[in-house]
Each structure stands twice: as structure tokens, then as C-alpha cells.
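> need a structure here:
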Amino acid sequence: MILKEFNQKIALFRYSLIAPIITNTFTQASVKDYLAEIAAKSYTLPNGKKKEYSPATIKGWLVQYRKYGIDGLYPKSRADKGTSRKISNETKEFIINSKLNSPKKTAKYIYHEVIAKGFESETSISLSTVTRFINKAKIGSKKLVPDDRRAFEFEFSNECWQSDVSVGPYLTIEDKKFKTYIIAFLDDSSRVIVGCKAFFKDDLLSLMSVFKDAVASKGIPKKVFVDNGKIYKSEQFHLICAALGSILSFARPYSPQSKGKIERWFQTMQKQWMNSINWNDFKSIDLLNESLSGYVNSYNNTIHSSINKKPIDKYMSNVENIRFIDSKTELDYLFLYKVLRTVKNDSTVSIGTKIFEVPLKYVGDKINIRYDPSSIDKAYIFSQDGKLEDTIFPVKKIDNSKIRRTNNTNSVDFSAFEAN
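Numbers count the residues shown, from 1 in each chain. This is a model prediction of the structure:
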């Protein structure tokens, strides 16, 4: 298919999705509901490929159409297409060493690692650039290591954690039934459950809550082995694992046996705990987690048939070789989410559902922002080389009508952890 014809068909396809909004002919209760409905579908593109689109992507097309008409819906091509984006020699050396030392590392993981370690910024290098370099250097996983599907077990504590999500008890609170999800992390060598908690949602925020608590109490794992679930595929989870220096490794699709230990633990947990408690006794998620925590503590301190030891005893036998986070401040820093935002003309940026006020000097610029998703009362602007520049806060429109706030850049001292 000729490129021009293909691009035209893509533009018209995009228009077909936003047209009901432009013409106000959608039948759903709101634009939000319409976007959610069409985003839940899969579409066959003119080239035969199937693809899904997020509500944010479709809204982006709407903005482009209102600015530039149908021309705004044509696919954009790179200005530097056909040329190779430059990678510094230092970055090249790091990528090669990282891949050779751990052949199973994906290009995506190494890309996040390059950024986390300060070799490049998110604006100076892209995932496709790293992927092309690995392929050109002929250091792809298939060229380095043959497939190996044998059963495995790591020798020492924190060499590998496995994680998974399971459906928990249904709670009845004020005559309403709520489904719960249990997210757990298991140390492969010792079988210790390093983190486990029940939630009403199996989302990224829940995952990061368990993972952060596990790292705080049990140290940093060298590898985190997970399935291909949506929460584990999150960009933020990739970035945080890279910042910790942990390898994020995915099981083969449709191959649950590769995560046998965590799967078996969930089966044991269901038999020993879920089937022995009265679900109606728990009137809050906190009470359920108290009971779950008690079970996990008992499990960790009971002889395990596979290792003939208490999991906690085997875990502690290698504790001197485990890397721990030195302080809560460092832990909080490592678990900050990272996003790239363009500052609007009114000197604001959006993070989730909140609008933050940004110093005027950044208007029109793309800025690197980090924030704690569990408490979005402030966020931090970092330079491309990883230095804290400013602390920003949600907009207070009434206050702004009287006086403009002065941003505080010293509310948290991250200088010890910034990239050099």
C-alpha cells in the first residue's frame, strides 16, 4: 500500500472515532462514557494489524483535529527518519555490558536502566533507539543464550522474587459485596513471603504498595519474576525496578508453570487460610489484612517440606549479602513515579486528575516530573541530568487570585540520590 494512501486511510479511521464527539451525535451519557466504550474495542487497521487505543490517545486526535482539521489526524513521521540517533560511547558500553552480563534483559528494561542510572534522559534517547542498537550490535537474547525451559531454583535469598495476584475473599460491608485481590511476592530460594496484602483493586497503586513494603523490610531483589499481567507491564514498574537495580523478568505467555512456587503458595494459602476463615467476620479490608498478615507470619515460621527448614531461617542465613535501602527518604525517592509533561501557557501541568502550578520560567517546556502516587499533594521537577530543580503543588485558584505562591524547592532533600 502506498504510504500516502495508507496515511489517508489512517486519518479517516481516526476521524471516524472522534466524529460523534465533533458532531455531538454519540448516544452515551457523556463524552467520557463514549471514549471508554470505544477504547474497550479492538480495531483492524488498513494494513491488517489489530490495535486498541486508550481514551487519552483518542482525545489527542480530537485536539489535533480541532487545531489543524483532517491534516492533524495524519500519522506523524520522524524528522530524522533514515538516520541513526546518536548514542554516547559511554551509553553504548553500558548497554553492551548490561546485555552480555544478563542476556535475558529486554531492550525495554535496559532502556529504563540507562535513564535510571543517568546515562541519558527520557528526551535524549528512545526505546526504539536502544532496540536498534542491540539488534545492530548482534547481542539479542536469542543470539546469546539458547532457550531453556528446565525447572530452576535460586541458591541465595533475594536473587529472585516471584509475584502474582489472586482473588481473595469477598467482603460484605454495609450489605454490599466487595471482591478482593491478594498481591504477593515470594523469595524463590527461601520461599519466604516477603510481601503480601489484600486490596479492593488489582491495580498499579496496589502492586507498588506491596512491593515498596517488601523492599523496605526485606531488601532489594536482584530479579523480579512476574507474569504478563497489565499491572506488571506498567512503565512505572519498569522504571522503579531499573532505579532499584532489579531485573524485571516476564514468564512466557500461557506458561503458569514457570512461576510454580508462587502459584503453589497461593494454592496453599487458599487451603490453609481462605477456606478456614469466615469471610463474614471481616467488615473492613484492614481487618482482613490483619488476619492475612498473621497467616503469612505463621507460614514463614513453619518448616517447609521442599527445603526442610523454616523459610525465614533460610532467608536470614544469607542476610549479610542482601542490599537494603539506607533510609525512608531514599526509599521514597526510588519509588517516585516519573512522567514527562509540557507546561501549558497558564503555567500548569496535569498529573492524573490534579492540576499543578509550575514556575513561569518553564512555560512551553517539556519537564521531567516525579511524584508519589499515594499522596499527590506535591511533585518534583528534575533536570535532565537528575537534579532536583523545583517542588510544585496543586493549583489553588482562590489563593492565586490574591497572590502567586513561591515554590519551595527544599521540602525534601533528594540530593544524595541524584544522578551524578
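
> ranges for the helices of the stretch 301-420 of the chain?
For the stretch 301-420 of the chain, the helices defined by DSSP state H, counting those that start in this stretch occupy 311-316, 328-334, 397-400.

> just put those helices in TSV and tack on mean neighbour count.
In short, each C-beta sits where N, CA and C put it, glycine included. Below are the helices of the stretch 301-420 of the chain laid out as TSV (neighbours: other CB atoms under 10 Å):
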stretch	mean neighbour count
helix 311-316	19
helix 328-334	15
helix 397-400	10
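
> columns mean pLDDT and distance to K32 on top of those helices, output as JSON lines?
Below are these laid out as JSON lines (pLDDT from 0 to 100; distance: least, CB to CB, whole Å):
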{"stretch": "helix 311-316", "mean pLDDT": "96", "distance to K32": "47"}
{"stretch": "helix 328-334", "mean pLDDT": "92", "distance to K32": "33"}
{"stretch": "helix 397-400", "mean pLDDT": "59", "distance to K32": "23"}
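
> to N24, which of those helices lies closest?
helix 397-400 (28.8 Å; CB to CB).

> how near is T348 to K67?
Here the distance between T348 and K67 works out to 19 Å (CB to CB, to the nearest Å).

> between those two, which is the more surrounded one?
Using other CB atoms under 10 Å, the more surrounded residue of T348 and K67 is T348, with 16 against 9.

> list the contacts of the more buried one.
355-358, 395 (CB atoms under 8 Å, 6 or more residues apart in numbering).

> just the buried residues from those residues, in PyMOL please.
In PyMOL, this line selects whichever of these come out buried by 16 or more other CB atoms under 10 Å:
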select buried, resi 356+357+358+395
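
> give me the domain ranges for the protein.
3-73, 89-144, 161-321, 336-417 (automatic domain parsing).

> who wins for proximity to E155 among these?
For the domains of the chain, the distance to E155 is smallest for domain 161-321, at 6.2 Å, taking CB to CB.

> and the strands in the stretch 251-400 of the chain?
337-342, 348-351, 354-357, 366-371, 379-382, 388-394 (DSSP state E, counting those that start in this stretch).

> what is the orientation angle of the fourth one with strand 388-394?
Right, the one you point to is strand 366-371. With axes from the mean of the first three to the mean of the last three CA atoms, to 10 degrees as the basis, strand 366-371 and strand 388-394 are set at 70 degrees to each other.

> so where's this protein shaky on pLDDT?
1-4, 77-85, 116, 140-152, 252-259, 397-420 (pLDDT under 70).

> still on that earlier bit, can you put the helices of the stretch 301-420 of the chain in a markdown table and add distance to F119?
Putting the helices of the stretch 301-420 of the chain into a markdown table (distance: least, CB to CB, whole Å) gives the following:
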| stretch | distance to F119 |
| --- | --- |
| helix 311-316 | 34 |
| helix 328-334 | 17 |
| helix 397-400 | 39 |
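
> tell me which of the ones you listed sits nearest to T123.
Short answer: helix 328-334, nearest of the helices of the stretch 301-420 of the chain by CB to CB, at 20.9 Å.

> distance from that closest one to the middle of the chain?
Helix 328-334 has its C-alpha centroid displaced from the chain centroid by 17 Å (CA atoms, centre = their mean, to the nearest Å).

> what's the answer for stretch 182-195, then?
On CA atoms, centre = their mean, the centre of stretch 182-195 falls 20 Å from that of its chain.

> what about dumping the CA coordinates of that stretch to PDB?
In PDB, the C-alpha atoms belonging to stretch 182-195 read as follows (Å, rounded to 0.1, in the frame of the first residue of the first chain):
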ATOM      1  CA  ILE A 182      -4.300 -10.500  47.100                       C
ATOM      2  CA  ILE A 183      -0.900  -9.500  45.700                       C
ATOM      3  CA  ALA A 184       2.100 -11.400  47.000                       C
ATOM      4  CA  PHE A 185       5.900 -11.500  46.500                       C
ATOM      5  CA  LEU A 186       7.800 -14.700  47.300                       C
ATOM      6  CA  ASP A 187      11.600 -15.200  47.600                       C
ATOM      7  CA  ASP A 188      12.500 -18.000  45.300                       C
ATOM      8  CA  SER A 189      15.300 -19.500  47.300                       C
ATOM      9  CA  SER A 190      13.900 -19.500  50.800                       C
ATOM     10  CA  ARG A 191      10.100 -19.500  50.000                       C
ATOM     11  CA  VAL A 192       9.700 -16.500  52.400                       C
ATOM     12  CA  ILE A 193       6.700 -14.400  51.600                       C
ATOM     13  CA  VAL A 194       8.400 -11.000  51.500                       C
ATOM     14  CA  GLY A 195       5.300  -9.000  50.900                       C
END
